[in-house]
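Participant: just the structure for this:
(one chain, ligands or ions: 1)
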Amino acid sequence: IDDRAASPLETDRPTPFDPPVELRRRPPLSRLAYPDGHLGWVATGYSVTRAILADPRFSTRRELLHQPVGRERAHERPTPAEPGIFPHMDPPEHTRYRRLLSAHFGPRRVAELTPAIRRYTGQALDAMADGGSPADLVTAFAVPVPALVICELLGVPAEDRHAIQAATAVMNDLDSTPERAVEAVMSITGTVRGLIGRLRAGTVMGAEDGLLAHAVATGDLTDEELTNLGMVLLATGHLPTSSMLALGTFVLLTNPAERARLSADADGAGRAVEELLRYLSILQFDVRRTALADVEIDGQVIAAGETVVLALPVANRDPARFADPDALDLGRSSVGHLAFGHGVHQCLGQHLARAELRIALTALFGRFPDLRLAVAADEVPTRERSAVYGVDRLPVAWDSSPHR
Ligand code: HEM
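Facilitator: Residues are numbered from 1 along each chain as shown. The predicted model follows:
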């Protein structure tokens, strides 16, 4: 057994944009002590991580997974996923939901949503400019844009959006008390459930193109499945995208040379976004699997019942896969990065997320050419131990009046 077996996960990092030092020092697959007492694993090597994610002998069933972070809830054993919570299901149940959803997240649907992404981006930037310098980029921009986009995709009508946006902001705010966070989840569930009821009754106008209206019309899913599905998509579609927008802005504000490349090369924005995804890999402790059988990987045996956390930020800095991995280089090809995962659970919303990041980041820097941090970089609060890495606030300032 590795001599670090007894140590829990350490999260000290050299800069806000680098993975924890302790994880970088580990071999590609090593033992990790989980806060609930489980002796599990952490994968940090690119090829080991990819192999585990592609292997059907590993499960995402919630009741089998241990949590590598979050001491306070370590002793609560998770319950099996309710109907519709497909990220925590294995094939074939998982496959059924992915099939139902795939058309709503494909490149064609994302192209249809592009005008709406541009519109919401423009509105958020207008409001930020009107509010004046300085501003918190998280509340002004990074949270509202993805919240509105996912509402558009789901077909949440205007009258329900405010409630969802307000509750999502509470859920994303780590200063919220646990009671407020639970209230926010219940409020979103109530809104989604009410909407499903109105869709079934045919009393919602203007939501016909949305995913929820389509799903109701097919008649394949129960109200419980539909409500849970709506919740899953609101949650997964929102926090990672808002985290990437804020952290992506932060890293570009501290790296003027790369930022200038983004502004100069609109055609290269897609490539730049890919590199930001690789470099920042914000799903730091969220991607986990539990072995359903004893599996030999990289000369070690992960026993049935043992959980492995896939440390994507470290795998995406593996020098065996990416040359000079600690350099942010917006011009490189980062194809093959694992920031969206790999295998059957690979991110359903990846085309949408890419479009949002490309449109929102280029519009932000186009509109505020002299945008800068309003505080020292080490005063920006980061979410060290949370499953999705990011910043809670990003105070920014500007002098010139922004281009309209
Ligand atoms: C799954 C990352 C945006 C929906 C995943 C996974 C990763 C990921 C790594 C794999 C989880 C696993 O294997 O356990 C990201 C990042 C995003 C992003 C970095 C933003 C930059 C989105 C968006 C949506 C979305 C916009 C839209 C709804 C989902 C869903 C899953 C998923 C539903 C579960 C898929 C499944 O289990 O089959 N995401 N995601 N994500 N993502 Fe994303």
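Participant: pull out the buried positions in stretch 329-341.
Facilitator: Judged by neighbour count using 16 or more other Cβ atoms under 10 Å, the buried positions of stretch 329-341 are 329, 330, 332, 334, 337, 338, 339, 340, 341. For every residue, glycine as well, the C-beta is placed using N, CA and C.
Participant: that stretch and the ligand, are they touching?
Facilitator: Yes: looking at stretch 329-341 against the ligand by Cβ under 6 Å from any ligand atom, the contacts come from 339, 340, 341.
Participant: worst-scoring helix or strand of the chain, pLDDT-wise?
Facilitator: None of the helices or strands of the chain scores lower by mean pLDDT, DSSP states H and E than helix 158-172, at a mean of 82.
Participant: would CSV of the buried residues of stretch 329-341 with secondary structure and pLDDT be doable?
Facilitator: Formatted as CSV, these follow (DSSP: H, G, I helix; E, B strand; the rest coil; pLDDT from 0 to 100):
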residue, secondary structure, pLDDT
329, coil, 97
330, coil, 96
332, coil, 94
334, coil, 95
337, coil, 98
338, coil, 98
339, coil, 98
340, coil, 98
341, coil, 98
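Participant: between those residues, which sits nearest the ligand?
Facilitator: residue 341 (3.0 Å; Cβ to the nearest ligand atom).
Participant: so who does the closest one touch?
Facilitator: 53, 283, 287, 310, 312, 347 (Cβ atoms under 8 Å, 6 or more residues apart in numbering).
Participant: among those residues, which lie within helices?
Facilitator: 53, 312 (DSSP state H).
Participant: looking at the contacts of residue 341, spot the one nearest the ligand.
Facilitator: Lowest distance from the ligand to the contacts of residue 341 (Cβ to the nearest ligand atom) belongs to residue 347, with 3.2 Å.
Participant: quick one: name the residues of the chain near the ligand.
Facilitator: 60, 86-87, 98, 150, 232-233, 236-237, 240-241, 244, 282-283, 287, 339-341, 345, 347-349, 352-353.
Participant: drop anything exposed from these.
Facilitator: Of these, these count as buried by 16+ other Cβ under 10 Å: 60, 86-87, 98, 150, 232-233, 236-237, 240-241, 244, 282-283, 287, 339-341, 345, 347-349, 352-353.
Participant: host element of the residue nearest to residue 103 when sequence neighbours are not counted?
Facilitator: Sequence neighbours aside, residue 109 is the residue nearest to residue 103 in space, at 6.7 Å (criterion: Cβ to Cβ, 6 or more residues apart in numbering). Counting by DSSP states H and E, the element that carries residue 109 is helix 107-131.
Participant: what's in contact with that helix?
Facilitator: By Cβ under 8 Å, 6+ apart, helix 107-131 touches 103, 135, 137, 140-141, 144-145, 148-149, 152-153, 351-352, 355-356, 359-360, 363-364, 367-368, 401-402, 404.
Participant: for the chain, which residue gets nearest to the ligand?
Facilitator: residue 349 (2.1 Å).
Participant: and the pLDDT for that residue?
Facilitator: With respect to pLDDT, residue 349 has a value of 97.
Participant: before we move on, what about residue 404?
Facilitator: We have a pLDDT of 63 for residue 404.
Participant: for residue 356, which three-state class applies?
Facilitator: Of the three states, residue 356 takes helix under DSSP: H, G, I helix; E, B strand; the rest coil.
Participant: tell me how many other residues surround it.
Facilitator: Number of residues near residue 356 (other Cβ atoms under 10 Å) recorded here: 27.
Participant: now swap in residue 234 and tell me
Facilitator: Neighbours of residue 234 under the rule other Cβ under 10 Å: 24.
Participant: and for the helix or strand where it lies, what are the contacting residues?
Facilitator: Using DSSP H and E, residue 234 sits in helix 223-236. Among residues not part of helix 223-236, those counted as contacts by Cβ under 8 Å, 6+ apart are 82-87, 97, 101, 150-151, 153-154, 164, 168, 171, 185, 188-189, 192-193, 195-197, 200, 211-212, 215-216, 221, 348-349.
Participant: so residue 23 touches residue 312, yeah?
Facilitator: No: shown here, residue 23 and residue 312 do not form a contact pair, counting by Cβ atoms under 8 Å, at 10.7 Å.
Participant: comparing these two, which residue is more hemmed in?
Facilitator: A count of neighbours by other Cβ under 10 Å puts residue 312 above the other of residue 23 and residue 312, at 30 against 23.
Participant: find the nearest non-adjacent residue to the more buried one, please.
Facilitator: residue 281 (4.6 Å).
Participant: count the residues that sit near that neighbour.
Facilitator: When neighbours are defined as other Cβ under 10 Å, residue 281 has 23 of them.
Participant: circling back: buried subset of the contacts of helix 107-131?
Facilitator: 135, 137, 140-141, 144-145, 148-149, 152-153, 351-352, 355-356, 359-360, 363-364, 367-368, 402.
Participant: now, those that are in helices?
Facilitator: Using DSSP H, the buried ones among the contacts of helix 107-131 in helices are 137, 144-145, 148-149, 152-153, 351-352, 355-356, 359-360, 363-364, 367.
Participant: distance check, residue 61 against residue 89.
Facilitator: Distance, residue 61 to residue 89, by Cβ to Cβ, to the nearest Å: 7 Å.
Participant: and those two? which has more neighbours close in?
Facilitator: In this view residue 61 and residue 89 are compared by other Cβ under 10 Å, and residue 89 has more residues nearby, 22 against 17.
Participant: the more buried one contacts residue 97, doesn't it?
Facilitator: Yes: Residue 89 is in contact with residue 97 according to Cβ under 8 Å; the separation is 7.4 Å.
Participant: now do stretch 243-253, average pLDDT.
Facilitator: Average pLDDT, stretch 243-253: 98.
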